[in-house]
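In: sequence first, predicted coordinates after that:
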Amino acid sequence: MEKRRNRHKGGRKPKKDPCIHRYAISLNDVDNARFLALFEASGMEVKAHFITACIFDKPVKVVKIDKGSMDYYMRLTSFYSQFRAIGVNYNQVTKAIKNNFSEKKALAFLAQLQKATFQLIAINQKILDLTKEFEKRWLQK
C-alpha cells in the first residue's frame, strides 16, 4: 500500500487578505516637509501604515519627549537616592553619638544634627513644591 504525502512547496504561506490595491500621490516641497514632520512625530516606522491610519481616522499617536523634563526627573531621582543615603547615615550617626559620647555631649551633637535635619526638611519641601509647579506648568496630562 502506497502512502501519499502532501508535499510542501516551500515559501511563505499566502496571506488571507493581501493588499493588492496601490495608490500614488505627489506632494510639493512644503507639503512633503509637513508630511515627514507628522510621520516622524507619530513614531510609526512604515509610511504606508501612517497614511492609512490618517485616511481612516485611526488614532495616530504623537509622542513628544521633552529633554528638559527628562533631565529634571533624572536629577530628581538621583537627588532622592542621595536623600535616602542621608537617612541611612543619620541612623548611623545617632548610634555612634549615643555609644561614644557622654550624655551631655551627645545631646549637644544631637541638637546640631536636629538643626541640619530641619534644614533638609525645608529643602525637601521646596523640592516638592517646585516639582508640583513644574508638573502643572509643563507636563501634558
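Out: Structure received.
In: do you know how far Val30 is from Ala108?
Out: Separation of Val30 from Ala108 (CB to CB, to the nearest Å): 74 Å. Quick note: C-beta positions are derived from backbone N, CA and C, even for glycine.
In: tell me the helices and strands packed up against the helix or strand bottoming out on mean pLDDT in the chain.
Out: Lowest by mean pLDDT, DSSP states H and E among the helices and strands of the chain is helix 67-100, with a mean of 82. Secondary structure elements in contact with helix 67-100, counted by 3 or more CB pairs under 8 Å, 6 or more residues apart in numbering; DSSP states H and E, are helix 103-138.
In: next, the angle helix 67-100 makes with the helix it packs on.
Out: Interaxial angle, helix 103-138 versus helix 67-100 (axes from the mean of the first three to the mean of the last three CA atoms, to 10 degrees): 170 degrees.
In: report the buried residues of helix 103-138.
Out: Buried residues in helix 103-138, counted by 16 or more other CB atoms under 10 Å: 106, 109-110.
In: report the mean confidence score over that helix.
Out: For helix 103-138, mean pLDDT is 85.
In: so how far is that helix from its chain's centroid?
Out: Relative to its chain's centre, helix 103-138 lies at 28 Å (CA atoms, centre = their mean, to the nearest Å).
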